[in-house]
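Colleague: Everything below, folded, please.
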Amino acid sequence: MITIGENLNVIKKEIGQAFKDRNPEPIQRLALAEKAAKVDYIDINLGPARKGGPELMQWVVQTVQEVVPDIPLALDTSNIEAIAAGLEVHKGTALVNSVMARPERYTKMWPMVAKYEAEAVALLWGPDGLPRDENERSALCVELCYAANELGIPNEKLFVDPIITPVNIQQNQLMADLSFMQMLQDICPGAKSTNGLSNISNGTPWREPLNQIFMIMLERSGMYSSIVDFEDKLIMQIAQGHHPELVQIVHKVMDGEINTPQEVEPGIGRTYVAGALAILGKVLYSDSWFEVEGGASQKSMEEFAEHYQKSSAAPAAAAAAAPAPAPAPKQEKIEVKAEARPKAEPAPAPRRRKKDKGVEYGADREAGVAGPDAVYVERTVARWRLRGPGIQR
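Modeller: Residues are numbered from 1 along each chain as shown. Model prediction:
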């Protein structure tokens, strides 16, 4: 999976102070560390940047590209003028983060994206705020991508963001994200996608494992990239194709082949089962439940990633290390118990509501119910197929 490093952020004390003081050293040091971790983009998050935003954005872009000229930057701020200023000085193709599905925002930002031939995050945050389900996400996606295509911005330059919410607040939203991702290529063929991955674990003590688990689930559903904490070694290893045994466990939970944490040996594998069950809404998430059922500690997961990194390092690098490191903990072997269990009865197919031509979009709409919104999306997608640099009617 493509990774966008989220750490160059104004909310980090050291970075925020460096922005204020125009001190390049902490910023460049962090940018070089992100490059060493092999991120594909570096996100520059200035926050609102209401005072002096354009000048600050230009300074940060030039400061980062002075030491990391070969990694594109994501310009992340709600200040439209600051993004425009950053695009003026950015070398290469920048990623605008982000363009909301609100007319007052995208009518100003899409022309700017087209002018600089930039990529852009299409954020599915509409006039009414957070969409309630995959159908409302689809309707917003049609509107936002159509507006971009009209200005000649091809789908391939759009990173659609379905919006991730915390698992301890709205589990149903996470299932809607997964469902929407499976629909995206039908709605906007060729479009890329991204997400603020760390939002899922916001407010929980289990930030890293929940981020890791959901990234695996999103990737299987078609997600192209994720905005991640590059200092999480395990998530970077998984994004770069390592740990297929962990990926397989999450896939088995998604396929209904594993239904309880106890079907997996204690350790990281069991933690992944517990997290995947919660994200899928099979259980009601709580921090205490995750701790008891998941089992693995944050420390054990960090040690697991650290040991893997050392064991997979090049022999020359390992031989050069002196003095010899202490023996690393034995890497955990993850096995799924072969226990007989009753075959789950298939869920009855949902009844589809008869299409009513007299029903307006959004009328008598209940959250989580495929009603008029689904009909609206079907009609809209059939009428406006998003293909290539424009929409063919």
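
Colleague: Now do the phi/psi pair for the residue nearest to the spatial centre of the chain.
Modeller: Compute the mean C-alpha point of the chain, and by Cα atoms, centre = their mean the closest residue is residue 195, 2.6 Å away. Dihedral pair for residue 195: phi -160, psi 150, per degrees, to the nearest 10.

Colleague: Pretty sure it sits against residue 228.
Modeller: No. Look at residue 195 against residue 228 with Cβ atoms under 8 Å: they stay out of range, at 9.6 Å. In short, each C-beta sits where N, CA and C put it, glycine included.

Colleague: Distance-wise, check residue 83 relative to residue 76.
Modeller: Look at residue 83 and residue 76: by Cβ to Cβ, to the nearest Å, they are 9 Å apart.

Colleague: One more: residue 187?
Modeller: Relative to residue 76, and taking Cβ to Cβ, residue 187 is found at 25 Å.

Colleague: Which one's more surrounded, these two?
Modeller: residue 76 (26 against 22; other Cβ atoms under 10 Å).

Colleague: hey, what's that one bridged with?
Modeller: Beta-bridge pairing of residue 76 under DSSP bridges involves residue 45, residue 97.

Colleague: where's residue 169 relative to residue 176, distance?
Modeller: Distance, residue 169 to residue 176, by Cβ to Cβ: 13 Å.

Colleague: So the two - more neighbours on which side?
Modeller: Set residue 169 next to residue 176 and count neighbours by other Cβ under 10 Å: residue 176 wins out with 23 against 10.

Colleague: Rounded mean pLDDT for the helix or strand harbouring the more buried one, please.
Modeller: Taking DSSP states H and E as the definition, one finds residue 176 inside helix 171-187. Average pLDDT, helix 171-187: 96.

Colleague: now swap in stretch 5-13 and tell me
Modeller: 96.

Colleague: Please renumber the chain so that the first residue is 509 from this point on.
Modeller: Let's use 509 as the start, then, which means that last one is stretch 513-521.

Colleague: Give me the contact list for it.
Modeller: Around stretch 513-521, the neighbours that count as contacts under Cβ atoms under 8 Å, 6 or more residues apart in numbering are 523-524, 527, 535, 538-539, 542, 545, 547, 549-555, 557, 568, 572, 704, 706, 735-739.

Colleague: Can you tell me which of these are buried?
Modeller: In these, burial by neighbour count holds for 523, 527, 535, 538-539, 542, 545, 547, 549-554, 557, 568, 572, 704, 706, 735-738, counting by 16 or more other Cβ atoms under 10 Å.

Colleague: what are the ranges of the strands in the stretch 609-758 of the chain?
Modeller: Ranges of strands within the stretch 609-758 of the chain are 627-631, 666-669, 700-701, 733-736, based on DSSP state E, counting those that start in this stretch.

Colleague: Now the second one - C-alpha only, CSV.
Modeller: It stands for strand 666-669. Extracted C-alpha coordinates of strand 666-669, given in CSV (Å, rounded to 0.1, in the frame of the first residue of the first chain):
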residue,chain,number,x,y,z
LEU,A,666,-8.1,12.0,-7.4
PHE,A,667,-7.5,10.3,-4.1
VAL,A,668,-11.1,9.7,-2.7
ASP,A,669,-11.2,9.8,1.1
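
Colleague: and that strand, what's its mean pLDDT?
Modeller: Here the average pLDDT along strand 666-669 is 98.

Colleague: Stretch 815-833 now?
Modeller: pLDDT averaged over stretch 815-833 gives 58.

Colleague: And stretch 556-573, by the same measure?
Modeller: 96.

Colleague: Check which residues of it are buried.
Modeller: 557, 561, 562, 564, 565, 566, 567, 568, 569, 571, 572, 573.

Colleague: any idea which helix or strand carries the first one?
Modeller: Same thing as residue 557. Counting by DSSP H and E, residue 557 is part of no helix or strand.

Colleague: isn't it right up against residue 590?
Modeller: Yes. Assessed by Cβ under 8 Å, residue 557 is found in contact with residue 590 at 5.0 Å.
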